[in-house]
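> Provided below are the primary sequence and the corresponding predicted coordinates.
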Amino acid sequence: MKKALITGVNGQDGSYLAEWLLGKGYEVHGVVRRTSSFSRKYIDPLHGANADSPSKLELHYGDMGDEKNLRKLVEKVRPDEVYNLASQSHVGISFDMPEYSTDVNALGTLRLLDAIHDYCPEARFYQASTSELFGCADESPQTEQTRFKPNSPYAVAKLYAYWMTVNYRQTYGMYACNGIMFNHESPRRGENFVTRKITQTVARIALGLDDHLSIGNMDACRDWGYAPDYVRAMWLMLQQEEADDFVVATGELHSVRELIEKAFAHISIQLEWDGEMAVERGIDSATGKTVVKVNSKYYRPIDIDSVLGDASKARKKLGWEPTVKFDQLVELMMKADMEVVATAR
């Protein structure tokens, strides 16, 4: 039985990956931080007394900022595959917490790579890289050959992690690869991310709990995919004969405005837009009520207008294809948040 170690197992990608690997018959070990909150609703059914499968998720306390702890974990588990999904993953927050973001996202990756090199150098390593590496890219769509131009503390830290992964592969012959993941969402997305904020707030509006959505830059465009599809790509990267780096993306571009319109359409509200920039608002065409307002506090100090990926290499070498389109993704998230909000009333 293969053993896998997942950092950040409590997050969106980590929980889906744990489910995927358990379904493949892996012995799965997950790393979680010790906090005062024990909310682990996505992984609770996968471990301990709650698990109804012979293959269970075993949890370990750990932190990407604690080198000694990480080394102990790697030495104890001696995994066949390591998936580094832990990070301070919010771009906007990285401007407020640049030092912490760098310690976790950059140096944390180095600590983990070094532990693997010392205790289980044959293990296969996956690093969660990001389309934020490209910044305001020189070309569109972006491929594995596109020049990196990071423009946030988050992206700069992730760039360090990217190149350290390549360095350990080239210097020590380790099987280490980067998944350059474009935006991927699901009902498990954190509530501080724009997609989930939109679907959850629209659900609250539908149930009379909020009267409007407050949003930042609606004209930002992203390549949005479905998280379980992207988790499958992570696993496929570690099943190849040779380690390599891959862009994972849908190749479709959609704006935040379009996402908002589709979310409101789910609750039978058609939007009309009035005004421009910071005074723009979205109006319910049936009632005349303002249900979307722009708030400049949600703008980033530096923002990327458009991010579009070309996953041709992943399609060809991994046999990977996305299965969920943008419209389906918004529908999935809206249905889930309607249930979540209704249950919490």
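That came in fine, so what should we check first?
> What segments of the chain are helices?
Taking DSSP state H as the criterion, the chain contains helices spanning 12-23, 67-77, 91-96, 98-102, 108-119, 153-172, 194-206, 227-237, 256-266, 312-318, 326-344.
> Out of those, which is closest to Asp305?
Closest approach to Asp305 among those is made by helix 256-266 (11.1 Å; CB to CB). C-betas here are computed from N, CA, C, even on glycine.
> so where's the stretch 51-200 of the chain shaky on pLDDT?
Judged by pLDDT under 70, the stretch 51-200 of the chain has its weakly predicted residues at 51-55.
> can we see that at 90?
Low-confidence regions of the stretch 51-200 of the chain, defined by pLDDT under 90, span residues 51-56, 87-96, 136-138, 190-192.
> And Arg222, how far from Leu133?
In this view, Arg222 and Leu133 are 15 Å apart by CB to CB, to the nearest Å.
> ok so, going back, with distance to Glu144 and mean neighbour count added, can I get the helices of the chain in a markdown table?
Putting the helices of the chain into a markdown table (distance: least, CB to CB, whole Å; neighbours: other CB atoms under 10 Å) gives the following:
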| stretch | distance to Glu144 | mean neighbour count |
| --- | --- | --- |
| helix 12-23 | 20 | 22 |
| helix 67-77 | 28 | 17 |
| helix 91-96 | 21 | 18 |
| helix 98-102 | 24 | 17 |
| helix 108-119 | 19 | 21 |
| helix 153-172 | 11 | 20 |
| helix 194-206 | 25 | 23 |
| helix 227-237 | 12 | 22 |
| helix 256-266 | 26 | 20 |
| helix 312-318 | 6 | 16 |
| helix 326-344 | 23 | 17 |
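> Specify the stretch among the ones you listed that is closest to Pro141.
Between Pro141 and the helices of the chain, the tightest spacing by CB to CB is seen for helix 312-318, at 9.3 Å.
> Which strands or helices does that closest one pack on?
Applying 3 or more CB pairs under 8 Å, 6 or more residues apart in numbering; DSSP states H and E, one finds that helix 312-318 makes contact with helix 227-237, strand 246-248.
> start to end distance for stretch 32-42?
13 Å (CA to CA, to the nearest Å).
> Averaged pLDDT, that stretch. What do you get?
The average pLDDT for stretch 32-42 rounds to 66.
> Columns mean pLDDT and distance to Lys289 on top of the helices and strands packed on helix 312-318, output as CSV?
As requested, these are exported to CSV (pLDDT from 0 to 100; distance: least, CB to CB, whole Å):
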stretch, mean pLDDT, distance to Lys289
helix 227-237, 98, 33
strand 246-248, 98, 40
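> Make a markdown table out of the ones you listed and add distance to Ala128.
Rendered in a markdown table, the data for these read as follows (distance: least, CB to CB, whole Å):
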| stretch | distance to Ala128 |
| --- | --- |
| helix 227-237 | 8 |
| strand 246-248 | 10 |
